[in-house]
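Chemist: Structure, please.
(chains A, B, C and D)
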Amino acid sequence: MAFEKYDFTPITQSIHQALIENVSPLLTTIIEWTIIGVLYLLFIAVFGLFLVYAERKVCAAFQQRLGPMRVGPWGLLQTIADFIKLLMKELITPKSVDKFLYNLAPFIVIIVPFLTISVIPFAPGLQSLDFDIGIFFVTAVSSVGVIGVLLAGWASNNKYSLIGGMRSGAQIVSYELSVGMSLITMVILAGTMQVSEIVELQRGGWFLFKGHIPALIAFTVFVIAGTAETNRGPFDLAEAESELTAGFHTEYSGIKFAFFFLAEYINLFIVAAMATIVFLGGWMPFHFGDWAAFNNVMDFIPGLVWFFLKVFGIIFLIMWFKWTFPRLRIDQILTLEWKYLLPINLFNILLMATMVLLGWHW
Amino acid sequence: MAEFSEKYIITDEIKADEYLVNIGPQHPSTHGVLRLLTRLEGEIVHNVEPHIGYIHSGIEKMTEALSYPQIVHLTDRMDYLSAHMNNEAVCLCVENALQVEVPERVKYIRTIFDELQRLASHQLWWCASGMDLGALTAFFYGLRDREDILDIFEETCGARLTLNYSVPGGVMFDIHPNFQKSVKAFITKFRKKLPEYDKLLTDNIIFQNRTKGVGVLSKEDAIAFGVTGPTGRASGFSCDVRKHHPYSAYPYIKFDEKLGTDGDSFMRWKVRMDEMWESMNIIEQLIDNIPEGDFAVKMKGVIKLPEGEFYQRVESARGEFGVYIVSDGKKNPYRVKFRSPGFSNLFTINHIAKGWKIADLVAIMATFDLVIPDIDR
Amino acid sequence: MKRGREIVGIVGKRKPDSVCKTSQRFDRMVNKKNKVKGNKDIGLSVTSRNKEVNLAQSETNQAMTNEQLIEQLTSANPDAVVKQGSQYPEITVAHDKLHAFMQNIKSDSSLAFDYLVCETGVDYPEFIQVVYHLESTSHRHFMVVKANTENRETATLDTVSDIWPTAEFHECEIYDLLGIRFNNHPNLRRYFLDDTWGHPLRKDFHDDIHVVER
Amino acid sequence: MKSFFNYIAEIFSGVWTLLTGMKVTAKYFFTPWKNVTQQYPENRDTLVMYDRFRGEVIMPHNENNEHKCTGCGLCENACPNGSIEIISKSIVNEEGKKKRIIDQHIYHLGMCTFCNLCVRACPSDAIVMGQKFEHAHWDRSTFTKVLNQPGSKIMEGIKE
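Modeler: The predicted structure is shown next:
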């Protein structure tokens, strides 16, 4: 197919080939690690900044405002200026905090997206780790982040932070379940946990359309639970600013605060990316039945562009939630999970399994 | 005063699994510098003790050195969201004391301004409590529509917030030639916007779950605690001064007093939303019928009240606002007391927030519509 | 703790354009649900006070005129001083009989002053006066009760916070600004000012640091 | 069974209310030309204040550097904050009579609450409310202004 020409495999292969011919295998591995690390670091920094800008613009548009307009054309450099400000700010460590845990928490929080992002295929051949248990890895690793939030809440020696941390703990632990369940639903359909293979299986059609009703339900549940897991409104109880001022990161300043901030947006990206991969066919272009002319045009758009288009679509949806709805109360959040999402999910898994068994999917 | 100091901080001993949280003086949901000393167990509120006085400006003391027109301008600064009602209260009190009958035109203008001010205040309340409940977009929609009212104010009075439009004997200026046109344009526009408010929050299932049944204030408690305004009416306490002790042009018009039954946060919300519709109805009844005439009667250069005590109640956006003037016949009052609705309303918060979660405390505070300068005076 | 989500319905009369369909649908649905459960106290409750200003009076048996009111009060309390020609019926009670008097006018069904509108103090050269503005929510009477302290130095009065809870907070304010101690008050503390301040609404209050006098 | 249907109905009606809310915000998102933000310092040229706007107290002078202030002091009395001070001086006019005229009409902008009482009190309409509202300044002393321009005279025909 036409979009095969955007495959990144030849590039990565040639770099690997060039290295292995010239230096020792150990050095090759080290250099490759470094390149990947730097690339991800750059991606996270740039994409995080961009997402912050995008959020400010999107929320401004929802609220009939213009958003940042002063720094750079249309305020494009605003987040960079903010980032520089955060870098230069004094790192305040309050007197009676648990210093070790207080300093550790932001790092745990920022490490998680780094780990998770490694299994995400951005485009054909552009993926650093291709486990055969990729989905499992994502669900396992992403729940580590809550430890950072809990540590931050506990170590800050601040009651607001503690409440925020505890809320976040209860919330994320609950919603892990729904995220996992809805992913399992799709794993049943796919028959594999390998991320690249899941994307490959959607060549003939996205899972959202292939699995029709149960996939749609799973997608809805995944988006809701994903929003909750990233601590974003209407589930932003952990940092509910009208109740807890800033929740678990009240006492953090400067770059440590930036870590929390950045991690939130990268987690947002990861949720959107997982939804894209599992439900919307990852980097696969949109095909409409047997309409060859349309499909060929779609094939000319590179996989990377498709991937990010879908990711931004879901990020926009999640932002739309945040800027429309009021915040839930902690018991209502748990009610939503245990009384609504979980039963629906369990039922949905059953439905999906039946469907796959009987071959009712497309 | 030392014997009272030990009671100053904590009224009861803290139990083993309780902890104290200071909500305020600088907290996003207190809308000012109110400090709520809250005893929590986990997230459950056990006791709330309001501490006020952070922006006490001593207006009652200041008035003792000012003449009556000058007092009027100070009342803008108390409940800045119902500035015109406060102005009107002082003016009515002075006029009653002097037995001055103001022209019909003044009464109509004042009533229209009252209702516009009530609309502006309720809009700010709507958007700010939306923000308290986490719906930030509501904040901007409310401010956007409030802007139109403030423009109308600015066109006629020259100020947006601290109007100082009523003066003893009338109003400061005649209405602007565009006034009627712009008010009508605003009402046409706002009638379309209010259902949008409902769609965005009132109907929203998350919002309803957050507010329904939360913070119930019974009718008996509302009366006993002197809770007035939309907050009291949501509990079924018929306390509308406009109905029971009509002043200005209120006797001439037909309007409903919106009474709730449940007294929960949702009812308080609903009563205020309904009052906005009612305010628009009132304005529409008056705006075309403003009689011709003077916009003020000629008062003496130095206004001296006869000896005696005078009390005037008006319905401000937050409840019953009262002015109590004790005059000794000089040009300055002997003593002025402002009965502010917020002061009485605030102190029920311990009574009704007990046993609810900290997020509900925010919802209750939001629906109480507190303005801190009104409480502190 | 009761966490019931009773449905409340629509208050007052709304214009048709204000009726929100989704809300009604939701209400109807939950109503149905609650009926199944057998909750009787649920339903749309539309109340609105209509045109008559005197609705409250027609609900109750009779409304007294101000003269009748004064007459009834003075017959029960012969030593109370009635001021003539004032804006509202006004009665001055001796400070030692204040609490009993207040209890009586609250509990007497023909008076039923259940709403303490305003409580404040005025500093006079010989005494400090506490002024109570009272209203009856059933009869819609309005009355002013006054009580003088014995002197200005040891100004004390009985609290009425056990009769009207709102008085508790107004009395704190009066204590803060005028320095009247209220006996039996549950939690008399200063609301606005620091302990180092005097009582600024007293006429002899002077503060060279904080107060600029012209 | 009925409770199960209620459960389902609750979910759908709940989601429906959420979608109505999202429709409202979406309406504004997709009509960005209706945005209400004003880019303030940039739109200074087109910014028109309402004619009654109370920005500061000014004393209009005509082309002959004449004003209408007689120095009667009514505005000083009317001001609640003491932001107006009138310093008058005695001169001998052409007829040889002693006459008090205004020397300096001092206006403390920093103390002014823009209540319009001074303008109302003025019998000869000498002072009016100006439209300027950008009063922020580095130095507090600039807030004390002398309203009558140097060398200005009182206009002819203004009654004492």
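
Chemist: Are we agreed that residue D:129 is in a strand?
Modeler: Yes - under DSSP: H, G, I helix; E, B strand; the rest coil, residue D:129 falls within a strand.

Chemist: bridging residues for it?
Modeler: Beta-bridge pairing of residue D:129 under DSSP bridges involves residue D:57.

Chemist: from memory it sits against residue D:116, does it?
Modeler: Yes - distance between residue D:129 and residue D:116: 6.3 Å, which falls inside the contact criterion (C-beta atoms under 8 Å). The way it works is simple: take the backbone N, C-alpha and C, and place the C-beta from them, glycine included.

Chemist: Return every residue with contacts to both of those two.
Modeler: Common contacts of residue D:129 and residue D:116, defined by C-beta atoms under 8 Å, 6 or more residues apart in numbering or on different chains, comprise B:158, D:54.

Chemist: ok, these two, which is more surrounded?
Modeler: residue D:116 (24 against 18; other C-beta atoms under 10 Å in any protein chain shown).

Chemist: Now do residue B:25: how many residues are near it, please.
Modeler: 17.

Chemist: Tell me who's in contact with it.
Modeler: B:33-35, B:51, B:54.

Chemist: let's go with 6 Å and repeat that
Modeler: For residue B:25, the contact set (C-beta atoms under 6 Å, 6 or more residues apart in numbering or on different chains) comprises B:33, B:35, B:54.

Chemist: Regarding it, what is its secondary structure?
Modeler: coil.

Chemist: From residue C:200, how far off is it?
Modeler: 21 Å (C-beta to C-beta, to the nearest Å).

Chemist: So what touches stretch B:353-369?
Modeler: A:242-243, A:329, B:29, B:43, B:45, B:48, B:125, B:129, B:132, B:210-211, B:214-215, B:231, B:265, B:268-269, B:318, B:345, C:1.

Chemist: chain center to it: distance?
Modeler: Here stretch B:353-369 shows a centroid-to-chain-centroid distance of 19 Å under the convention C-alpha atoms, centre = their mean, to the nearest Å.

Chemist: for stretch A:260-276, same thing?
Modeler: On C-alpha atoms, centre = their mean, the centre of stretch A:260-276 falls 3 Å from that of its chain.

Chemist: Now the host helix or strand of residue C:72: buried residues?
Modeler: Assigned by DSSP states H and E, residue C:72 belongs to helix C:66-76. For helix C:66-76, a neighbour-count test (16 or more other C-beta atoms under 10 Å in any protein chain shown) marks C:69-70, C:73 as buried.

Chemist: from those, which is closest to chain A?
Modeler: residue C:69 (47.7 Å; C-beta to the nearest C-beta).

Chemist: how far away is the residue nearest to the closest one when sequence neighbours are not counted from chain A?
Modeler: Spatial nearest neighbour of residue C:69, chain neighbours left out: residue C:89 (5.4 Å); criterion: C-beta to C-beta, 6 or more residues apart in numbering or on different chains. Counting by C-beta to the nearest C-beta, to the nearest Å, the gap from residue C:89 to chain A is 46 Å.

Chemist: Wait, residue C:89 touches residue C:71, no?
Modeler: No - with contact defined as C-beta atoms under 6 Å, residue C:89 does not count as touching residue C:71 (10.1 Å).

Chemist: For residue B:342, grab the count of nearby residues.
Modeler: Count around residue B:342 with other C-beta under 10 Å applied: 28.

Chemist: and residue B:210, that's in a helix?
Modeler: Yes - under three-state DSSP, residue B:210 falls within a helix.

Chemist: neighbours around it, how many?
Modeler: So residue B:210, with other C-beta under 10 Å, has 25 neighbours.

Chemist: Distance check, it against chain D.
Modeler: 13 Å.

Chemist: rewinding a little: sitting in strands, which of the contacts of residue B:25 do you find?
Modeler: residue B:35 (DSSP state E).

Chemist: Phi and psi next, for residue B:20.
Modeler: Residue B:20 adopts backbone torsions of phi -100, psi 140, taken as degrees, to the nearest 10.

Chemist: typed the wrong thing, it's residue A:90
Modeler: When read as degrees, to the nearest 10, the backbone of residue A:90 gives phi -70, psi 140.

Chemist: Equivalent analysis for residue B:133, please.
Modeler: phi -80, psi 0.

Chemist: That one: what's it in contact with?
Modeler: With C-beta under 6 Å, 6+ apart, residue B:133 has these contacts: A:326, B:210.
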